[in-house]
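>>> The following comprises the amino acid sequence and a computationally predicted model.
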Amino acid sequence: MSTRAVTELKKKKVSFEIVRYEHLQKGAEYAARAVDFPLERTIKTLVADIRGQYVFALMPGDRQLDLKMVARVFGGKKAAMVHTGTAERLTGYQVGGISPFGAKKRLRAVMESRLLEHESVMINAGQRGMMLKMSPADIAKTLNCKTASISQE
């Protein structure tokens, strides 16, 4: 089965590999374990609200998001995580399968810069139990996203 994320990447001729697993619980930690992939290279796709401007924050699974840093990247003072229902409405995906590709609403994005140190990473494909193994540089280029240090130290 294809998703809007897979369709968008194919249309843009971006290289990726689909990796499936049995989705029994949400979270990057479970997904990384299920596909036997390092947690620090498994991306969690978060949706934040900066005074009414919704953005994607792409984080390594082993790090916590610094909301003030995300706000600063987009010229704001503070940010908040959106509620599950809001994230699902904006993206058209279920939490646990949210992908920044093919989202219903095109959101600006920022990626934790340490992800660019890796040759490949895993990111949600738009469906629970389905990940994309791909280059973090391709993710940044495809999303035209900013890169910055956005994790708590």
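Looks like it came in fine.

>>> Just the helices from this protein, written as ranges.
Ranges of helices within the chain are 4-11, 28-34, 67-73, 84-91, 136-143, based on DSSP state H.

>>> packing partners for the first one?
With contacts defined as 3 or more C-beta pairs under 8 Å, 6 or more residues apart in numbering; DSSP states H and E, the secondary structure elements packing on helix 4-11 are strand 121-127, strand 130-134. Placement of C-beta: from N, CA and C, glycine included.

>>> And the contacts of the first one?
The contact list for strand 121-127 (C-beta atoms under 8 Å, 6 or more residues apart in numbering) reads 1, 3-6, 18-19, 31-32, 35, 37, 41-43, 45, 58, 93-94, 97-102, 115, 130-136, 139.

>>> what do you get if the cut-off is 7 Å, keeping everything else the same?
Under the criterion C-beta atoms under 7 Å, 6 or more residues apart in numbering, residues 3-6, 18-19, 35, 37, 41-43, 45, 93, 97-99, 101-102, 115, 131-134, 136, 139 lie in contact with strand 121-127.
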